[in-house]
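Colleague: no FASTA, just this:
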């Protein structure tokens, strides 16, 4: 079965310093990732790691600098404006801030219905029926389509955003921090809703988040990003139980525990992060990594598969793990 989404060498750079800038901010560098039909892939990392940039490039809300993005085998990057409009019906996005993503001057029912009939996907009557169907799917009251965004709670606004994404029956939904702007109790409701939708409709999800507990419960696989690069990717259980990259280990060890009595070994990443502007060759975690060695600063290292489906971008871990002599003790 072919993948719904295939990303190959995606790169996004931004000029820094004005019209005559020679420096580049490396928001995403050589990102490769695939998502199978009905699969949920979590994309995690610190703020500024490039997660949202990747999500926006997938839908070409940002134009990639280079690389390939395939939706059901068809190039998103090479698509003309008219073809991209058609392709976007099959890939939708749910944004971080639900209120900012909704037009405050239009009733939310019209927000969902209008693109359906304007694009010719449905007639106006069919679009109205579809609105009622997807609003019921996300458990919104029947009078919700007649309301404006400011008349809804944050959780209801995000449910409208999810309904809008589902209205075209997409194969892929990119979820960009869909719960981070919501109260904790509402976050749980939205997560349960997304899982319910996945069980009923089987869309593929790219779930972008910094909340590791949510990602661990919702995702089939996890990709970890640091300063524009995917540093580790693998099955969720492997990533959380046997993380390979020092950044992944540090990220997981810093996550809060469910009960104060629980003990967790902490891996602290000290030092200043490498600048994303014209970064030097070598591992981008070298300035903070407790396992750093001179070879870590030599050239670029691609993701290398350790076990089937589990790949790591760490020279020391790859070499020593393959030789069977991985030493988890810091070198400094």
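Modeller: Great, that's in hand. Owing to the predicted nature of the structure, the values given are computational and were not obtained by experimental measurement. Numbering: from 1, shown residues only.
Colleague: just the helices in the stretch 101-250 of the chain please.
Modeller: Listed in chain order, the helices of the stretch 101-250 of the chain (DSSP state H, counting those that start in this stretch) span 108-118, 124-137, 154-166, 184-201, 212-218, 236-241, 246-254.
Colleague: so which of those gets nearest residue 275?
Modeller: helix 246-254 (16.3 Å; Cβ to Cβ). Using the backbone N, CA and C atoms, a C-beta is placed for each residue, glycine as well.
Colleague: so what does the closest one touch, helix or strand wise?
Modeller: Other helices and strands packing on helix 246-254, by 3 or more Cβ pairs under 8 Å, 6 or more residues apart in numbering; DSSP states H and E, are strand 221-226, strand 229-235, helix 236-241.
Colleague: Apart from its neighbours in sequence, what residue is nearest residue 303?
Modeller: Of all residues not flanking residue 303 in the chain, residue 311 sits nearest, at 4.2 Å (Cβ to Cβ, 6 or more residues apart in numbering).
Colleague: From the chain's centroid, how far away is the helix or strand hosting that neighbour?
Modeller: In this assignment (DSSP states H and E), residue 311 forms part of strand 310-312. Centroid separation for strand 310-312 versus its chain: 18 Å, with Cα atoms, centre = their mean, to the nearest Å.
Colleague: go on, stretch 104-121?
Modeller: For stretch 104-121, the distance to the chain centre is 26 Å (Cα atoms, centre = their mean).
Colleague: Which parts of whatever helix or strand comes next after the strand holding residue 311 count as buried, going by neighbours?
Modeller: Using DSSP H and E, the helix or strand that follows strand 310-312 towards the C-terminus is helix 315-323. For helix 315-323, a neighbour-count test (16 or more other Cβ atoms under 10 Å) marks 315, 316, 317, 318, 321 as buried.
Colleague: what does helix 315-323 rub up against?
Modeller: For helix 315-323, contacts defined as Cβ atoms under 8 Å, 6 or more residues apart in numbering pick out 244-246, 283, 291, 293, 295-296, 298, 301, 304, 306, 312, 326-327.
Colleague: Now tabulate the helices of the stretch 101-250 of the chain in JSON lines and tack on distance to residue 65, mean neighbour count and mean pLDDT.
Modeller: What follows is these, written out as JSON lines (distance: least, Cβ to Cβ, whole Å; neighbours: other Cβ atoms under 10 Å; pLDDT from 0 to 100):
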{"stretch": "helix 108-118", "distance to residue 65": "29", "mean neighbour count": "20", "mean pLDDT": "89"}
{"stretch": "helix 124-137", "distance to residue 65": "35", "mean neighbour count": "17", "mean pLDDT": "93"}
{"stretch": "helix 154-166", "distance to residue 65": "26", "mean neighbour count": "23", "mean pLDDT": "94"}
{"stretch": "helix 184-201", "distance to residue 65": "31", "mean neighbour count": "15", "mean pLDDT": "92"}
{"stretch": "helix 212-218", "distance to residue 65": "27", "mean neighbour count": "18", "mean pLDDT": "89"}
{"stretch": "helix 236-241", "distance to residue 65": "28", "mean neighbour count": "17", "mean pLDDT": "94"}
{"stretch": "helix 246-254", "distance to residue 65": "24", "mean neighbour count": "21", "mean pLDDT": "90"}
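Colleague: Right, I'll call it a day here.
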